[in-house]
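Colleague: Dropping a prediction and its sequence here:
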Amino acid sequence: MTDFRPGGFQLLPPVVKNLIIINVLMVLIQYVLGKFGIDLADYLGLHYWSSHYFKPWQLLTHMFLHGSYDNVDATVLHIFSNMFALWMFGRILENMWGPKRFLIFYLVCGLGAAICHLGVLTYEHTAIESAFNAYQQNPTLDALQIFIRQHISPPLSENGARLINAYNQWATDPAAFNPNRSCHLIYNYLHGTFDANHQFYINGIFDEATVGASGAVFGVLFAFGYLFPNAMLLLGFFVPVKAKWVVGAYALFELYAGLKNSAGDNIAHFAHIGGMIFAFILLRIWAKKDRSHFY
């Protein structure tokens with residue numbers, strides 16, 4: 001299990017090093033292009049299947065973007081935490097497996113995270129579409145209130161704010177409000193807004209991009225805990241805890257946070273779980289084919 005590559009242990013092996021370089025460069029490119037009004041996440045971030053932004057390559061390219069160009073502090077924190085964890089645990093795995101196997105593992109975990117995330121989005125968005133279809137059959141003020149309470153949460157998008165304002169207008173002056181307008185506003189909230197020239201200019205919730213290497217990094221973290229369960233990690237740099245308990249706690253927290261789905265939580269928790277699941281599957285496959293590296 002500790003069959004490290006010839007040439008000694010490398011503190012910054014080539015794949016980990018190049019992944020860190022690529023991710024940092026992509027953040028810089030995001031920031032520069034953002035200053036010119038180009039959001040790289042529209043093209044390389046992961047989008048829901050039915051979004052007009054969706055492209056197949058986003059299943060992989062999303063893991064090389066982080067944060068957003070207009071929130072520098074959050075972006076720096078996002079990429080630093082991911083890249084630090086990649087270096088901390090990924091270097092161990094790459095030294096043990098070699099560059100090729102580690103790169104395959106990293107990309108498979110990122111791809112698995114994307115697939116799981118899209119599966120969860122499909123479940124959530126199908127439920128919202130069903131609620132919208134039911135609302136259109138009977139567009140009343142009470143039904144709109146229920147739809148808003150169940151499916152709209154802060155932070156509000158521009159279209160979400162318009163829908164809330166429309167509800168307030170309807171409640172204030174029911175006779176002056178056309179219920180069909182609420183249907184149009186809900187559609188815009190879901191699918192986005194087009195201008196008079198049929199040009200898309202305000203995103204719907206189905207058009208939100210997911211970015212980050214977290215799914216792949218969680219796969220790396222899981223692999224470390226799986227292969228070195230009794231390795232001691234220092235929580236807060238002071239408290240020693242075995243790796244298996246840290247990984248288990250992370251997995252349980254992500255499951256809890258994903259199921260709770262708190263308002264304002266824009267973290268793709270099930271993508272993290274997906275990275276761990278695909279890591280486990282790949283490790284089991286490799287363990288059966290090549291026991292010399294695992295047992």
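Modeller: Happy to help now that I have it. Numbering: from 1, shown residues only.
Colleague: quick one, phi/psi of the nearest residue to Gly192 once chain neighbours are set aside?
Modeller: With sequence-adjacent residues excluded and distances taken as Cβ to Cβ, 6 or more residues apart in numbering, Gly192 is closest to Gly204, at 3.7 Å. (Glycine included, C-beta is placed from N, CA and C.) Note on Gly204: its backbone torsions stand at phi -90, psi 180 [degrees, to the nearest 10].
Colleague: How many residues are close by Gly204?
Modeller: 22 (other Cβ atoms under 10 Å).
Colleague: residues in contact with Ala113?
Modeller: Ala113 sits next to 63, 214-216, 218-219, 268, 271-272, 274-275, 278 when contact means Cβ atoms under 8 Å, 6 or more residues apart in numbering.
Colleague: Quick check: which of those residues has the minimum pLDDT.
Modeller: Lowest in pLDDT among the contacts of Ala113 is Ala268, which has 75.
Colleague: Quick check: that residue touching Ser214?
Modeller: Yes. Assessed by Cβ atoms under 8 Å, Ala268 is found in contact with Ser214 at 7.3 Å.
Colleague: need the helices for this structure, in chain order.
Modeller: Secondary structure of the chain (DSSP state H): helices at 14-35, 41-44, 58-61, 72-85, 91-97, 99-137, 141-151, 158-172, 179-191, 214-227, 243-260, 269-289.
Colleague: So which of the ones you listed is nearest Leu233?
Modeller: Leu233 lies closest, by Cβ to Cβ, to one member of these: helix 243-260, at 5.4 Å.
Colleague: Quick check: which ranges of the stretch 51-200 of the chain have low pLDDT?
Modeller: The stretch 51-200 of the chain contains residues with pLDDT under 70 at 194-200.
Colleague: picking up where we left off before, against Ser50, how distant is the residue nearest to Gly192?
Modeller: Look at Gly204 and Ser50: by Cβ to Cβ, to the nearest Å, they are 10 Å apart.
Colleague: before we move on, what about Phe36?
Modeller: In terms of Cβ to Cβ, Phe36 sits 28 Å off from Ser50.
Colleague: The two: which has the busier surroundings?
Modeller: For Phe36 and Ser50, the more surrounded residue by other Cβ under 10 Å is Ser50, and the numbers stand at 15 against 7.
Colleague: count of neighbours near the closest residue in space to that one that isn't next to it in sequence?
Modeller: In space, and not counting its chain neighbours, Ser50 is closest to Phe206: 5.8 Å by Cβ to Cβ, 6+ apart. Phe206 has 21 neighbouring residues, counting by other Cβ under 10 Å.
Colleague: In contact with Ser182, which residues?
Modeller: Residues near Ser182 by Cβ under 8 Å, 6+ apart: 139, 144, 163, 166-167, 170.
Colleague: my bad, should have said Val72
Modeller: Contacts of Val72 by Cβ under 8 Å, 6+ apart are Tyr31.
Colleague: can you do 10 Å?
Modeller: Going by Cβ atoms under 10 Å, 6 or more residues apart in numbering, Val72 touches 27, 31, 34.
Colleague: Considering the residues you listed, which possesses the most neighbours?
Modeller: With neighbours taken as other Cβ under 10 Å, the top of the contacts of Val72 is Val27, carrying 23 neighbours.
Colleague: And it, how close does it get to His78?
Modeller: Val27 sits 9 Å away from His78, taking Cβ to Cβ as the criterion.
Colleague: now do Ala268
Modeller: Distance of Ala268 to His78, computed by Cβ to Cβ: 12 Å.
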